[in-house]
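# the following block contains a protein sequence and its predicted model.
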Amino acid sequence: MIFRFALIMLGAVLLAGCRGDSEAWYSVKDFADVPKADVHVHIFTDNPAFMEQARRDNFRVLNMAVDLNNSLAEVRSQWAFLKVQRSLAPDFVENITAFSMEGFEDEGWLDQSIAWLDSCFAEGALGIKVWKNIGMSYRDGAGKLVMIDDPRLDPIFDLMEERGIPVLGHLGEPKNCWLPLEEMTTNNDRTYFARNPQYHMHLHPEFPSYEEQVAARDRRLEAHPDLSFLAVHMASVEWDVDELAARLDRFPNMTIDLAARMGQVFYQTHHDREKVRNFFIKYQDRILYGTDLYATGDEDSEVLWKEMHDTWMRDWRFFVTDDSLTSSLVNESYRGLKLPQQVVDKIYLQNAQRSLKAFLSNDERTK
């Protein structure tokens with residue numbers, strides 16, 4: 001009888017292992033105790049309020065400059081704020097710089113841009129960001145939109161590839177951008193493009209199509225297969241995880257972040273939770289958590305802290321539980337993915353440490 005009981009217990013243990021019951025899981029109450037990183041924020045102020053909340057919620061942040069108005073002076077101003085934030089919390093803040101398209105066709109633009117980037121790298125920048133002004137707003141002297149695969153940009157990408165410096169790319173926009181407001185799948189897109197009609201491509205059919213924007217980015221990656229490329233905002237292929245998976249398979253050195261695209265994740269989860277969950281598990285080494293939260297110093301601190309905490313907690317609950325959830329980002333309800341602890345750890349910190357060399361000690365970074 002004892003032998004038979006032992007066999008039954010052994011079988012139960014083996015069966016539990018096959019079902020994955022032995023895997024470790026986080027819960028909502030673990031939120032503040034787990035080291036995490038938000039790899040997509042914009043803190044353009046010397047006010048420490050943002051980082052006060054980040055510390056409370058155990059979040060490191062990757063702070064990035066962006067060429068919002070084709071202005072080098074603006075990029076320099078942002079970089080100054082980024083340096084201040086890092087000086088206030090060097091163990092919690094890493095920085096990404098940018099070059100500006102200002103004077104793109106002027107003699108000396110390339111040398112000036114590389115000199116600027118080099119100065120930022122010397123001051124600790126981990127990489128550079130290219131923004132949607134390339135492809136959506138900056139025009140050359142002939143009035144033509146400059147796309148990201150323009151050969152005049154080759155030397156910048158050649159250099160980053162040669163040096164192994166990551167490039168972060170916000171190129172194009174979500175597919176909703178080319179739809180009427182009432183046909184968009186998420187409320188956050190609907191709100192953003194209602195407020196920013198200059199970027200609502202449904203109103204500007206003379207601009208490149210969604211497909212043309214994504215194809216230009218893909219051609220750039222094809223030309224630089226060894227480039228470490230973080231395609232922010234889910235690579236502008238946020239609308240279908242199957243399409244996004246095809247891109248990740250096609251470009252093995254591409255990773256993605258989730259910044260400002262959780263609405264699309266929630267929307268797809270409502271329609272096919274298992275497909276979305278399988279995507280996150282299969283590509284657990286290629287996904288980085290980010291939000292696109294920002295601060296300019298004009299915010300009321302209490303309001304800022306609440307927005308940050310609520311955003312981070314909303315997403316944590318989605319990833320670590322299988323609760324039935326709702327969000328103002330979408331009209332549909334959805335269930336949390338309840339990802340294994342090892343997957344959550346990768347998405348929330350380890351992938352940033354590996355692919356961006358972020359949030360590491362000096363000894364770890366030089367290994």
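Looks like it came in fine.
# which intervals of this protein have sub-threshold pLDDT?
Residue ranges of the chain with pLDDT under 70: 1-22, 365-367.
# give the contact list for R317.
With Cβ atoms under 8 Å, 6 or more residues apart in numbering as the criterion, the residues that contact R317 are 28, 323, 325, 336. Where you see a C-beta, it was placed from the backbone N, CA and C, and this is true even at glycine.
# let me fix that, I meant to ask about L230.
By Cβ under 8 Å, 6+ apart, L230 lies in contact with 39, 127, 166-169, 254-257, 288, 355-356.
# and what of R286?
When contacts are counted by Cβ under 8 Å, 6+ apart, R286 is found next to 248, 254-256, 351.
# mind redoing it with 6 Å?
Shown here is R286, whose contacts under the criterion Cβ atoms under 6 Å, 6 or more residues apart in numbering are 248, 255.
# separation between A235 and N196?
The gap separating A235 from N196 is 21 Å, by Cβ to Cβ, to the nearest Å.
# compare the two (neighbour count), which wins?
A235 (27 against 11; other Cβ atoms under 10 Å).
# thought the more buried one was touching D257?
No: under the criterion of Cβ atoms under 6 Å, A235 makes no contact with D257, lying 9.0 Å away.
# the helices in the stretch 101-250 of the chain, which residues?
In the stretch 101-250 of the chain, the segments counted as helices under DSSP state H, counting those that start in this stretch are 109-122, 133-136, 154-163, 187-195, 210-223, 241-250.
# and for the fifth one, what's in contact with it?
The list of residues contacting helix 210-223 from outside it, by Cβ under 6 Å, 6+ apart, reads 135, 147-149, 171-172, 175, 178, 236, 251.
# columns distance to D158 and neighbour count on top of the residues you listed, output as a markdown table?
Conversion of the contacts of helix 210-223 to a markdown table gives the following (distance: Cβ to Cβ, whole Å; neighbours: other Cβ atoms under 10 Å):
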| residue | distance to D158 | neighbour count |
| --- | --- | --- |
| G135 | 19 | 25 |
| M147 | 17 | 21 |
| I148 | 14 | 21 |
| D149 | 13 | 20 |
| L171 | 18 | 25 |
| G172 | 22 | 29 |
| K175 | 30 | 21 |
| W178 | 32 | 22 |
| S236 | 23 | 25 |
| F251 | 17 | 20 |
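# what's the closest of those to V84?
Looking at the contacts of helix 210-223 and their distance to V84, the nearest is L171, at 28.5 Å (Cβ to Cβ).
# quick check on the closest one: phi, psi?
When quoted as degrees, to the nearest 10, the phi and psi of L171 stand at phi -130, psi 130.
# would you mark the buried spots in the helix ranked longest in the chain?
If each helix of the chain is counted by residues according to DSSP state H, the longest one is helix 301-320. Of the residues in helix 301-320, those with enough neighbours to count as buried (16 or more other Cβ atoms under 10 Å) are 304-305, 308-309, 311-312, 314-316, 318-320.
# need these in CSV (columns: distance to G263).
Compiled in CSV, the buried residues of helix 301-320 are given as follows (distance: Cβ to Cβ, whole Å):
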residue, distance to G263
L304, 21
W305, 22
M308, 17
H309, 19
T311, 12
W312, 15
R314, 11
D315, 11
W316, 16
F318, 11
F319, 15
V320, 19
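# report the two of those separated the most.
Within the buried residues of helix 301-320, two members stand farthest from each other by Cβ to Cβ: L304 and V320, at 24.4 Å.
# list the contacts of stretch 38-58.
Contact with stretch 38-58 is made by 32, 35-36, 59, 61-63, 78, 81, 84-85, 88-89, 232, 257, 259, 288, 290-297, 301, 304-305, 308-309, 312, 352, as judged by Cβ under 6 Å, 6+ apart.
# buried subset of those?
Buried subset of the contacts of stretch 38-58 (neighbour count, 16+ other Cβ under 10 Å): 36, 59, 61-63, 78, 81, 84-85, 88-89, 232, 257, 259, 288, 290-293, 295, 304-305, 308-309, 312, 352.
# okay, and which of those residues map to helices?
Counting by DSSP H, the buried ones among the contacts of stretch 38-58 contribute 78, 81, 84-85, 88, 304-305, 308-309, 312, 352 to helices.
# run a quick neighbour tally on F207.
Residues near F207, counting by other Cβ under 10 Å, number 16.
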